[in-house]
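> Task: produce atomic coordinates for the following.
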Amino acid sequence: MGFYFLCYFIMLLYYGRYFSCSSFEIIYLFIFTEIFI
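Numbering: from 1, shown residues only. Prediction:
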């Protein structure tokens, strides 16, 4: 599962630039999915 979350986190960072998401929001989403999934 660690590899899956790593790929998901990289995807969020990649697409986050295009959607102008802040780093805090991306990290928050990653932590949220890490805890509840």
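
> Which parts of the chain are helices?
Assigned by DSSP state H, the helices in the chain fall at 2-18, 23-36.

> Contacts for the shortest one next, please.
In this case it means helix 23-36. 5, 8-9, 12-13, 16 (C-beta atoms under 8 Å, 6 or more residues apart in numbering). To be clear about C-beta, it is placed using only N, CA and C from the backbone, and glycine gets the same treatment.

> neighbour-wise, which of those leads?
Neighbour tally across the contacts of helix 23-36 (other C-beta atoms under 10 Å): the maximum, 19 neighbours, falls on residue 12.

> pLDDT score assigned to the closest residue in space to that residue that isn't next to it in sequence?
Excluding its sequence neighbours, the residue lying closest to residue 12 (C-beta to C-beta, 6 or more residues apart in numbering) is residue 26, at 4.8 Å. pLDDT for residue 26: 72.

> And for residue 3?
On pLDDT, residue 3 comes in at 78.
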